[in-house]
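Colleague: Let me see the structure of the following:
(chains A and B)
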Amino acid sequence: DTGVSQNPRHKITKRGQNVTFRCDPISEHNRLYWYRQTLGQGPEFLTYFQNEAQLEKSRLLSDRFSAERPKGSFSTLEIQRTEQGDSAMYLCASSLDGREQYFGPGTRLTVT
Amino acid sequence: GENVEQHPSTLSVQEGDSAVIKCTYSDSASNYFPWYKQELGKRPQLIIDIRSNVGEKKDQRIAVTLNKTAKHFSLHITETQPEDSAVYFCAASLSGGYNKLIFGAGTRLAVHP
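Modeller: Below is the predicted model of the structure:
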C-alpha cells in the first residue's frame, strides 16, 4: 500500500498519560498535515509541515500538543497529560507541492 | 477566520435521483475547493476539486460548481447509486491548497434502492 499510513490505528489511554502517534506520508510528498475529527464533524486543522519545517499551528491547539517531522519524512504527534476532551480521530494527510491532500486511515484516541 | 458552512446536514434520495450539496465560505481569498467522501470507519477520500479560475468541473456522475461572487460552491451527483451513500465534506483553502483545508460539518447522504 503506497498511501498514507498511520500507527497505531486505535489507542486507549488513561487521563493524564502521554500518547504519541505516527504518520508516514506518501513517499514523495513534501507537505504533511495533521487534523482532528470528532463524531459528526469535519476534520479540524491542527498543524502542517513543509519538509521538516512546521509552518503553521492552529491557535486552538493546546501547549500539550506537539508535532515533529525530523527528517522531512514521517511525522509524530504527541499529546501530553491527555484529557477526555482529546478523544477524537487524529488524521494525517500529505500532498506534493500544495496539490491534492490525501488522508491516512487515522488514529482513534479514547481517553478514559 | 475562515469558515465553511455546509447544507443540508442529511440528505435522503432514491436511487437514480440527483443529489446536491451546497457550501458557503467566508474568506473571499479562498481559491481551492475540494470535496471528500467518507464512508463509515474509513479515511476521507478526495472525489473532486475545483480552483477559483474555473466555474465548473465534471467527472462522470459528479460535478462541482463555483460562484466566487456569492462565495458558494456545490456538489452535484447524478444518477445516484446505493454505493454513493456516505458523508460528504466540502473544504476551502487559501493559497491554492498549499496550506490548511477548512472543512464544512458534512452531509450524510443516503441513497435508497
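
Colleague: where does chain A come near chain B, residue by residue?
Modeller: Counting by C-beta under 8 Å from any C-beta of the partner chain, the residues of chain A close to chain B are A:4, A:31, A:33, A:35, A:40-45, A:48, A:55-56, A:91, A:95, A:97-106. In this view, the C-beta of every residue, glycine as well, is placed from N, C-alpha and C.

Colleague: So which of those belong to strands?
Modeller: A:31, A:33, A:35, A:44, A:45, A:48, A:55, A:56, A:91, A:95, A:102, A:103 (DSSP state E).

Colleague: how near is residue A:107 to residue A:56?
Modeller: Counting by C-beta to C-beta, to the nearest Å, the gap from residue A:107 to residue A:56 is 21 Å.

Colleague: okay, these two: which has more neighbours?
Modeller: Taking residue A:107 and residue A:56 together and counting by other C-beta atoms under 10 Å in any protein chain shown, residue A:107 has the greater number of neighbours (22 against 14).

Colleague: Spell out which residues of chain B are next to chain A.
Modeller: B:4, B:6, B:34, B:36, B:42-46, B:49, B:89, B:91, B:95-106.

Colleague: Got a PyMOL select line for the buried ones in those?
Modeller: For the buried members of these, the matching PyMOL selection, counting by 16 or more other C-beta atoms under 10 Å in any protein chain shown, is:
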select buried, chain B and resi 4+6+34+36+43+44+49+89+91+97+98+99+100+101+102+103+104+105+106
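
Colleague: What is the burial count for residue 87?
Modeller: All of this refers to chain A. Neighbour count of residue A:87, defined by other C-beta under 10 Å: 17.

Colleague: my bad, the chain I had in mind was chain B
Modeller: Residues lying near residue B:87 (other C-beta under 10 Å) number 20.

Colleague: Now restrict the residues of chain A next to chain B to buried residues only.
Modeller: For the residues of chain A next to chain B, a burial check counting by 16+ other C-beta under 10 Å picks out A:4, A:31, A:33, A:35, A:42-45, A:48, A:91, A:95, A:98, A:101-106.
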